[in-house]
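A.B. asks: The following comprises the amino acid sequence and a computationally predicted model.
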Amino acid sequence: MLDAIRWDPDLIRRYDLAGPRYTSYPTAMQFNNQVSPFDLLHALRESRKALRPLSLYVHVPFCANICYYCACNKVITKDRGRAQPYLQRLEQEIQMIACHLDPKQKVEQLHFGGGTPTFLSHDELRHLMATLRQHFNLLDDDSGDYGIEIDPREADWSTMGLLRELGFNRVSIGLQDLDPDVQRAVNRLQSLEETRAVIEAARTLQFRSINIDLIYGLPKQTPEAFARTVDEVISLQPDRLSVFNYAHLPERFMPQRRINTSDLPSPAAKLQMLERTIEQLTGAGYRYIGMDHFALPDDELAIAQEESTLQRNFQGYTTHGHCDLVGLGVSAISQIGDLYCQNDSDLANYQHTLASDQLATHRGLLCNQDDRIRREVIQQIICNLHLPFAHIEQAFNIDFRGYFAHQWTMLETMAADGLIALDDRQLTVLPAGRLLVRSVCMVFDAYLEQQTRQRYSRVI
C-alpha cells in the first residue's frame, strides 16, 4: 500500500502551496551569520568523541556550459585551468577538517556534486580522491554508497572506468528532457545516444545504482512530448528517478532570465505531465518514494521506506541519515549533530579565506529543542508517511497533542479532506496526501511565514 497514490485535482489545487523541500529542518533559509568556524570545530570534536560514521559531500562548481534552468551554485567557464587553484584550497579544507575527526570514523556515504564533477581532468580526479583517502577512512570493499553526478556530455567510457576504479559505485545522470525544442530553450543539447552510452558503461562496469534526473515544467514542454521522454527513460531502466518540478524564479537565479516566460507550460499542463509521469512510472514497476523520487521495489530507498527507516538530508532521501554530513567545497553544507553550517557561496571568498588558513564557514544554525522536535516530526512524515505520537513523546518527554495544540485544527482539516488519517495516537499520510506531503509538513514548520513563501517552489 505504501506506493499507492490517489490523484485528486481538487485537493492539489487547494494544497499546492509554495514551501520548503525539507532536506533539513530548520531549512537553509533560516541560516544566519552567527555560526562561525569555532562552532564547526566544536561539532567535529563531538562527532569524534561519539565516533559517528560520516557522509562526505564534495562540491565541484565548474561547468563548461550554462543550463538556463539551473539553480545550483556553479561557475561557467571553458578554462579548465580554473580548477587547479580551487582544488588546492579544497584539499587544504579537507586536511583542516579531517584533523579534528578520528580515523576510525568510517565514510559510509560519499557524493560529488556540482556543477559538473567530471569537469575535472582524470589526473585531478585521481589526486582529489587520493587526498580524501589519505585524510578520511574511505571504505575499500565497495560497501559504501559512493556517488557522483554525471553530465553525459562530459563523460565517456574511459571516464566511467576511472570513476569505478576510484571507488564510485553510484551515478546520477542529468537528462531533464529529450525533446530537441526543449533542449534548445534551456541551452542543454544532449542526445539519447550520449545518455545511453554512459548508462551502458555504468552497467558494464558494475556500478551498483543509476539515477536519472528529469524536470517537468520547462519551456516548450508539452504533456505529449514529455510522456515520450519518460517512455524512453523507462526503456533505460534506471534504478531510481528524480522528476523535479521546475521552479521559475528568475529574480533569484540569473540564468533563468534567459528563459522566455511565454514558453513555459501552463499550470494545467504541468499537472498533466506529473499525472501521466506517475502513471507511466508506477505502471513500469517503480514506487513513488515521495518528493519527486521514484525507485524500483528492490532499491534500498524503497526497502527502507517499507521498513520505516528512510531518512532525509541535504543529499535528499537516504539510508545514511545517522551519519554526520561533512560538506566540502564552495557553498557546501554540513550537518553535524545539531549544527548546520554552510561554506561561503562566493568562489573568490571561499578560496581567499582558506588561503588565510581559515575555514570558509559563512553561515548556519544551531538547533534548539523545539527545532529538534519539529525536525523529527517532519522527518517521520516526509520519509515514512506515518507518525506515531508516542515516538515523539518518549524521545522528547512532551505531550504531542498539547505541544502541537495550535496545529491541531489544521491537521483536523487535512484529515477531513482525506490527506491524512488522524487520531489521538498517530498521523498517517493517505494516498491522496502522498503528492502533498510537503503541505502536511509545513503545518509543523515554526518558521514558515506567508511573506517568505515566494522564495520557495510550489509543492506540485
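C.D. replies: Yep, it's here. Numbering: from 1, shown residues only.

A.B. asks: Next up, the contacts around Glu124.
C.D. replies: For Glu124, the contacting residues are Ala83, Gln84, Leu87, by CB atoms under 8 Å, 6 or more residues apart in numbering. All C-beta spots, glycine's among them, are computed from the backbone N, C-alpha and C.

A.B. asks: So the last one: helix, strand or coil?
C.D. replies: The one in question is Leu87. helix (DSSP: H, G, I helix; E, B strand; the rest coil).

A.B. asks: Check the gap between it and Ala355 for me.
C.D. replies: Between Leu87 and Ala355 the distance is 13 Å, computed by CB to CB, to the nearest Å.

A.B. asks: who's more crowded, these two?
C.D. replies: Remark: of Leu87 and Ala355, Leu87 carries more neighbours, 18 against 12, as counted by other CB atoms under 10 Å.

A.B. asks: Would you agree that one is in contact with Leu125?
C.D. replies: No. Contact criterion CB atoms under 8 Å: Leu87 and Leu125 do not qualify, at 9.8 Å.

A.B. asks: neighbours around Pro9, how many?
C.D. replies: Pro9 has 10 nearby residues by other CB under 10 Å.

A.B. asks: now Arg258
C.D. replies: As a burial measure, Arg258 scores 14 neighbours (other CB under 10 Å).

A.B. asks: quick one: Leu110 is in a strand?
C.D. replies: Yes. Using three-state DSSP, the assignment for Leu110 is a strand.

A.B. asks: sec struct for the nearest residue to it once chain neighbours are set aside, please.
C.D. replies: In space, and not counting its chain neighbours, Leu110 is closest to Tyr146: 4.4 Å by CB to CB, 6 or more residues apart in numbering. Three-state call for Tyr146 (three-state DSSP): strand.

A.B. asks: how close does Tyr146 get to Ile333?
C.D. replies: 19 Å.

A.B. asks: One more: Ile148?
C.D. replies: Using CB to CB, one obtains 18 Å as the distance from Ile148 to Ile333.

A.B. asks: same question, Gln407
C.D. replies: For Gln407 relative to Ile333 (CB to CB), the value is 28 Å.

A.B. asks: Could you check which of those two is surrounded by more residues?
C.D. replies: Comparing Gln407 with Ile333 by other CB under 10 Å, the one with more neighbours is Ile333, at 22 against 15.

A.B. asks: show me the contacts for Ile420.
C.D. replies: Listed by CB under 8 Å, 6+ apart, the contact partners of Ile420 are Leu411, Met414, Leu427, Thr428, Val429, Leu430, Gly433, Val440.

A.B. asks: just the residues you listed now: which is nearest Phe400?
C.D. replies: Within these, the smallest distance to Phe400 is 9.3 Å, found for Leu427 (CB to CB).

A.B. asks: What is the neighbour count of Asp299?
C.D. replies: Other residues close to Asp299 by other CB under 10 Å number 19.

A.B. asks: Any chance of the backbone angles for the residue nearest to it when sequence neighbours are not counted?
C.D. replies: Distance criterion CB to CB, 6+ apart; nearest residue to Asp299, sequence neighbours excluded, is Asp239 at 5.4 Å. Main-chain torsions, Asp239, degrees, to the nearest 10: phi -70, psi -30.

A.B. asks: And Asn343, by the same measure?
C.D. replies: phi -70, psi 160.

A.B. asks: Show the pLDDT at it.
C.D. replies: Asn343 carries a pLDDT score of 98 in this model.

A.B. asks: Please apply the same query to Ile5.
C.D. replies: For Ile5, pLDDT reads 87.

A.B. asks: what do you get for Ser308?
C.D. replies: 87.

A.B. asks: Just give me the neighbour total for it.
C.D. replies: With other CB under 10 Å as criterion, Ser308 counts 14.

A.B. asks: Tell me the spacing between it and Ile173.
C.D. replies: Taking CB to CB, one finds Ser308 at 29 Å from Ile173.

A.B. asks: Make CSV out of the contacts of Ile420 and add neighbour count and distance to Arg258.
C.D. replies: What follows is the contacts of Ile420, written out as CSV (neighbours: other CB atoms under 10 Å; distance: CB to CB, whole Å):
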residue, neighbour count, distance to Arg258
Leu411, 17, 42
Met414, 23, 39
Leu427, 23, 43
Thr428, 16, 44
Val429, 24, 38
Leu430, 17, 41
Gly433, 25, 37
Val440, 24, 35
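
A.B. asks: Low-confidence stretches in this protein?
C.D. replies: The model of the chain has pLDDT under 70 over residues 1-3, 449-457, 459-460.

A.B. asks: Mind splitting it into its structural domains?
C.D. replies: Domain ranges of the chain: 1-23+369-460, 27-328, per automatic domain parsing.

A.B. asks: Take those domains and write them to CSV, including distance to Arg363.
C.D. replies: Shown next, in CSV, are those (distance: least, CB to CB, whole Å):
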stretch, distance to Arg363
domain 1-23+369-460, 15
domain 27-328, 4
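
A.B. asks: Tell me which of those sits nearest to His362.
C.D. replies: domain 27-328 (7.5 Å).

A.B. asks: Distance from that closest one to the middle of the chain?
C.D. replies: Chain-centre distance of domain 27-328: 7 Å, with CA atoms, centre = their mean, to the nearest Å.

A.B. asks: what does stretch 365-381 give?
C.D. replies: Counting by CA atoms, centre = their mean, stretch 365-381 is centred 18 Å from the centre of its parent chain.

A.B. asks: who touches it?
C.D. replies: Residues contacting stretch 365-381 (CB under 8 Å, 6+ apart): 22, 24-26, 30-32, 35, 39, 311-312, 321, 338-341, 386-387, 391-392, 395-396, 398, 403, 427, 429, 437, 440-441, 444-446.

A.B. asks: Buried ones among those residues?
C.D. replies: 22, 24-26, 30-31, 35, 39, 311-312, 321, 339-341, 386-387, 391-392, 403, 427, 429, 437, 440-441, 444-445 (16 or more other CB atoms under 10 Å).

A.B. asks: Counting neighbours, what do you get for Ala405?
C.D. replies: 10.

A.B. asks: now His122
C.D. replies: 15.

A.B. asks: Which secondary structure element is home to the residue nearest to it when sequence neighbours are not counted?
C.D. replies: With CB to CB, 6+ apart as the criterion, His122 has its nearest non-adjacent residue at 5.3 Å, and that residue is Leu162. Assigned by DSSP states H and E, Leu162 falls within helix 157-166.

A.B. asks: In terms of secondary structure, what does that helix contact?
C.D. replies: Counting contacts by 3 or more CB pairs under 8 Å, 6 or more residues apart in numbering; DSSP states H and E, helix 157-166 packs against helix 122-135, helix 192-204.

A.B. asks: Next up, the contacts around the residue nearest to His122.
C.D. replies: Counting by CB under 8 Å, 6+ apart, Leu162 has contacts His122, Leu125, Arg126.

A.B. asks: ok, now Val35?
C.D. replies: Leu339, Tyr340, Cys341, Thr361, Arg363, Gly364, Leu365, Leu366.
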